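Novice: with the sequence up front, the predicted model follows.
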There are 2 protein chains.
Amino acid sequence: MIYLTQQKRVLASIFEKADRPLTPVEICERARTDLPSLGIATVYRAIKQFLEDGQVRLVEVPGAAPHYESAARHHHHFFVCQSCKRLFDLIGCVRGVKSLAPQGFRVKQHEIVLYGECSSCAVDSSKS
Amino acid sequence: MIYLTQQKRVLASIFEKADRPLTPVEICERARTDLPSLGIATVYRAIKQFLEDGQVRLVEVPGAAPHYESAARHHHHFFVCQSCKRLFDLIGCVRGVKSLAPQGFRVKQHEIVLYGECSSCAVDSSKS
DNA sequence: ATGATATTGAGAGTCAACTATCAATTTAAC
DNA sequence: GTTAAATTGATAGTTGACTCTCAATATCAT
């Protein structure tokens, strides 16, 4: 039997409200607004359950820690800000990616990641 | 003063000869053909120096351990075999990737990764 | 409300990738 | 060849991301 607890309710709402993929630590920080004593282990446990349910997905990009996002968000790729390390969504996708694979290779998924500075970090660095 | 040692010479030649990005452990194994007592710490130390020199670059792809390759190899992307975990080069690139970034974002690099089965694993899995 | 059981928070433990330490060895300027 | 300084190999330690343990607490069927 799986209990629906206060912490899972709060954590689920963090995922629903998030506008970008978050790390477990970011999720924990946000949830502590409502549940100040929330432990990181509980965040990981909830993420594990949400992943199994299929309501959350793992976002792994090179050069960044693992992030998680609501599975309700549609297929997209990411922008990694090399300055603040946050992830942002890219809108759209490019065609012809799968045709890059050599003969005989079976392509099942693909990932596109852009690296650089997000708009707010780009403004900050042009100031200094 | 930086000494040019036997181990650095051997490690540099591994990178030159490699036909794909390698993990530190793979590099160490290959180098032990010439230097059986080579320690993994020395491999990491050499990689660090080579990275600083700019003669080697880090290849980070989600779902695979960090790999390293000669910087002399030209810009390319990767195929990760989900079965044998090896990395393979993709030939060519797709255009229009940078235009996926939102307004105000500064794109400095990009990465494209395909996931699936390499030709030899695809053959093996169709047999069984 | 009660009680069986799932969950929680805190902290210890794990794991992989790497880094520091240090005595022994190698390098290279002389 | 000597010798000061860099490097090496072995191994212990660190780091980040996560998992386990366990006593205290919350949940929910009754």
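Specialist: Yep, that arrived.
Novice: A:Ala41 sits in which helix or strand?
Specialist: Following DSSP states H and E, one finds A:Ala41 within helix A:40-53.
Novice: whichever helix or strand comes after that helix pairs with which strands, and in what direction?
Specialist: Sequence order places strand A:56-59 as the next helix or strand after helix A:40-53, per DSSP H and E. In the sheet, strand A:56-59 lines up against strand A:67-70 (antiparallel) (DSSP bridges).
Novice: are the strand it pairs with and DNA strand D in contact anywhere?
Specialist: No: using C-beta under 7 Å from any atom of the strand, strand A:67-70 never reaches DNA strand D; the gap is at least 8.2 Å. C-beta: built from backbone N, CA, C; applies to glycine.
Novice: the helix or strand immediately after that strand in the chain packs against which elements?
Specialist: Using DSSP H and E, the next helix or strand after strand A:67-70 towards the C-terminus is strand A:77-81. For strand A:77-81, the packing partners by 3 or more C-beta pairs under 8 Å, 6 or more residues apart in numbering or on different chains; DSSP states H and E come out as strand A:87-90, strand A:106-117.
Novice: related to what we said a few turns ago, near chain B at all, the helix holding A:Ala41?
Specialist: No: using C-beta under 8 Å from any C-beta of the partner chain, helix A:40-53 stays clear of chain B, with a minimum separation of 15.0 Å.
Novice: residue contacts, A:His77?
Specialist: A:89-90, A:93, A:111-114, B:100 (C-beta atoms under 8 Å, 6 or more residues apart in numbering or on different chains).
Novice: for it, give its distance to DNA strand D.
Specialist: Applying C-beta to the nearest atom of the strand, to the nearest Å, the value for A:His77 to DNA strand D is 20 Å.
Novice: ok so, going back, in JSON lines, list the helices and strands packed on strand A:77-81 along with mean pLDDT.
Specialist: Shown next, in JSON lines, are the helices and strands packed on strand A:77-81 (pLDDT from 0 to 100):
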{"stretch": "strand A:87-90", "mean pLDDT": "88"}
{"stretch": "strand A:106-117", "mean pLDDT": "85"}
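Novice: tell me the buried residues in stretch A:60-72?
Specialist: By 16 or more other C-beta atoms under 10 Å in any protein chain shown, the buried positions in stretch A:60-72 come out as A:60-62, A:64, A:67-70.
Novice: and the least confident of those?
Specialist: Lowest pLDDT within the buried residues of stretch A:60-72 is found at A:Pro62 (76).
Novice: let's have the contacts of A:His77 in CSV, adding neighbour count and distance to DNA strand C.
Specialist: Listed next are the contacts of A:His77 as CSV, based on neighbours: other C-beta atoms under 10 Å in any protein chain shown; distance: C-beta to the nearest atom of the strand, whole Å:
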residue, neighbour count, distance to DNA strand C
A:Asp89, 17, 27
A:Leu90, 19, 26
A:Cys93, 13, 29
A:Glu111, 22, 19
A:Ile112, 21, 23
A:Val113, 24, 18
A:Leu114, 25, 22
B:Leu100, 21, 28
